[in-house]
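# One predicted model, sequence on top.
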There are 2 protein chains.
Amino acid sequence: MQKLLAAVAVSGASVRPDARATALVRGADGDVVGAIVRADGREAAVRARGGVVLATGGFINDERMLRLHAPELARCKYRVGAEGDDGSGIRLGLSAGAAPLNLGMGSISLPVTPPKAILKGLLVNGQGQRFVNEDAYFGRLGEHALLHQGGRCFWILDDATFVRPDVPRKVAAVGETIGELERELGMPDGALAATLELYNRHAARGEDPLFHKKRDYVVPLEQPPFGALDCTVEGSLYAAFTLGGLHTDPDGAALTPAGRPIPGLYAAGRTTACLAAPGYASGLSLGDGSFFGRRAGRAAAARAGR
Amino acid sequence: MQKLLAAVAVSGASVRPDARATALVRGADGDVVGAIVRADGREAAVRARGGVVLATGGFINDERMLRLHAPELARCKYRVGAEGDDGSGIRLGLSAGAAPLNLGMGSISLPVTPPKAILKGLLVNGQGQRFVNEDAYFGRLGEHALLHQGGRCFWILDDATFVRPDVPRKVAAVGETIGELERELGMPDGALAATLELYNRHAARGEDPLFHKKRDYVVPLEQPPFGALDCTVEGSLYAAFTLGGLHTDPDGAALTPAGRPIPGLYAAGRTTACLAAPGYASGLSLGDGSFFGRRAGRAAAARAGR
């Protein structure tokens, strides 16, 4: 950030903090030629010689947009974002006729580690079935758990593998037998036992043919008592932010629904649709911001020099 | 349809078949005041006194929009829709700054019945796990199979329950034992056997505690040989159409991203976001077209009489 701020300082750019664009201004031919900006309690029209680059983040903090476009994210307890992630730039772009892309998609994390030893446990759904390799990236765990299993999941451990995760997770149930654990969790009779029996049989040979978890974490779970950590979306920590936004080309130009650039309108970062939606991995938004932000700025500057 | 066409005939409406709206015309204040229409090889500007009602269907037949917004639907072999379901009305509305809603959603059907006797079989995923009550509505089966199980599914029957569905479905594998069937299907060793063992144990008492299939269809599957019908999205019949479109209010008025009606712009039917997205059931699009189409027409007509 220091390097980026230093580059801004020498660029000659005029920075106006605590200002908010409330509308885009379009010329008679439809080109975006400026914005209405509210700052210090007053509205001013700002002329854009090259173009307007919308870079106001995503919409995880706009309850209305979240419930309309990405209601599953609204179920997550921890919403990852700055105060400004209120969707304002996305709404401005859409209002100007820019096409949306992937508005329903988000990054959904279910952090369980550290410590890594906990990966010897099994992540199961409400029917006691496994559905993913437990050592997958925490973003994959969250997506699978919330989007495909309804957010009703438990992390099963036995006495030998039990370790408390550093992330706060409640104990959902404990049982002297798997049958008792099933009942405590409200699972169908024999369902979790069937999952464990199949898993243990292969785990005894260090194998996980269903989901191919890394051998280091594949051990039979057979030492009572057995326990389940709460990984339900209602009772535990899921972290989410939005990945959808305006559809842009590689120069950051906002595209019409027919796929043509809107002259003078650009966007970058989480105001645009993430390259990695679905399938987010930590840090990718930085690239969407810095790499494509720079391209968008350059494209707008080049247009100013026409 | 006869009643609807008769009502049109006495309404005084002028019908222009084989015409295509290529653009909306907006006044200086942003109101939609007409459309550019191409018919008989010529473009004409049509003035809308009350408003324009976009009702051109969904976008299942526009490959570009489908791949951008609903790529899972593009995997389905059977695309349900008329030639006109090319998304043109949705693109016109978005271009005018109307908000999108649920563009990623669709109706996805996995038809298996008739005959109903086939519901005694088990629908399993690539890990040999069940994931839904097999007697669910075929739209639920398709959604679960494609969106949550990656479209890799098989319908398992034994010799006693085997019946060929009226819908074309290939036999994916046959085995004298469940172990042989597993191997043929490339499933992990023991996975399908564990599923069947658990199912059969409860089925012997007519129960399905995992997914609560109707008792009529719950019988143990234990009579060799065993067979699997191909229910993969690549190898079998999935039927799909889009459910996303323009966000409207109950009068069919197209809404801005901030939720305000765009004066003079209305939409109905599959050009709008379906009330039942997700969770489509057969016939609901008729209501979206007729009920909300009528409301949109009335609202536009009332506006013409201002």
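All right, it came through fine.
# Spell out which residues make up each domain of chain A.
A:2-62+A:84-105+A:244-304, A:111-230 (automatic domain parsing).
# Now these in CSV, please, with extra columns for mean pLDDT and mean neighbour count.
Any C-beta I mention is one placed from the backbone N, CA and C, and that applies to glycine too. Below are these laid out as CSV (pLDDT from 0 to 100; neighbours: other C-beta atoms under 10 Å in any protein chain shown):
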stretch, mean pLDDT, mean neighbour count
domain A:2-62+A:84-105+A:244-304, 95, 19
domain A:111-230, 97, 19
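# got JSON lines for the ones you listed, with distance to B:L157 too?
Below are those laid out as JSON lines (distance: least, C-beta to C-beta, whole Å):
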{"stretch": "domain A:2-62+A:84-105+A:244-304", "distance to B:L157": "34"}
{"stretch": "domain A:111-230", "distance to B:L157": "21"}
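# want to throw these into JSON lines with distance to chain B?
Rendered in JSON lines, the data for these read as follows (distance: least, C-beta to the nearest C-beta, whole Å):
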{"stretch": "domain A:2-62+A:84-105+A:244-304", "distance to chain B": "4"}
{"stretch": "domain A:111-230", "distance to chain B": "4"}
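# mind checking which of these is nearest B:S109?
domain A:111-230 (19.2 Å; C-beta to C-beta).
# And the closest one, how far out from the chain middle?
For domain A:111-230, the separation from the chain centroid amounts to 23 Å (computed by C-alpha atoms, centre = their mean, to the nearest Å).
# got it, and stretch A:274-290?
Distance, centroid of stretch A:274-290 to centroid of chain: 9 Å (C-alpha atoms, centre = their mean).
# got the CA coordinates for that stretch in PDB?
Extracted C-alpha coordinates of stretch A:274-290, given in PDB (Å, rounded to 0.1, in the frame of the first residue of the first chain):
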ATOM      1  CA  CYS A 274     -14.000 -11.700 -10.300                       C
ATOM      2  CA  LEU A 275     -11.900 -13.800 -12.700                       C
ATOM      3  CA  ALA A 276     -12.200 -16.600 -10.200                       C
ATOM      4  CA  ALA A 277     -15.900 -16.800  -9.700                       C
ATOM      5  CA  PRO A 278     -16.700 -19.400  -8.700                       C
ATOM      6  CA  GLY A 279     -13.600 -20.900  -7.100                       C
ATOM      7  CA  TYR A 280     -12.100 -17.900  -5.300                       C
ATOM      8  CA  ALA A 281      -8.700 -18.200  -3.600                       C
ATOM      9  CA  SER A 282      -7.200 -15.700  -1.200                       C
ATOM     10  CA  GLY A 283      -5.600 -12.700  -2.800                       C
ATOM     11  CA  LEU A 284      -7.200 -12.900  -6.200                       C
ATOM     12  CA  SER A 285      -9.100  -9.700  -5.500                       C
ATOM     13  CA  LEU A 286      -5.800  -7.900  -5.200                       C
ATOM     14  CA  GLY A 287      -5.000  -8.800  -8.700                       C
ATOM     15  CA  ASP A 288      -8.500  -7.800  -9.900                       C
ATOM     16  CA  GLY A 289      -7.800  -4.400  -8.300                       C
ATOM     17  CA  SER A 290      -4.200  -3.700  -9.000                       C
END
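# What lies in contact with the helix or strand containing A:L229?
Element membership for A:L229, per DSSP states H and E: strand A:226-230. With C-beta atoms under 8 Å, 6 or more residues apart in numbering or on different chains as the test, strand A:226-230 has contacts from A:112, A:121, A:154-159, A:162, A:165, A:169-178, A:180-181, A:184-185, A:236.
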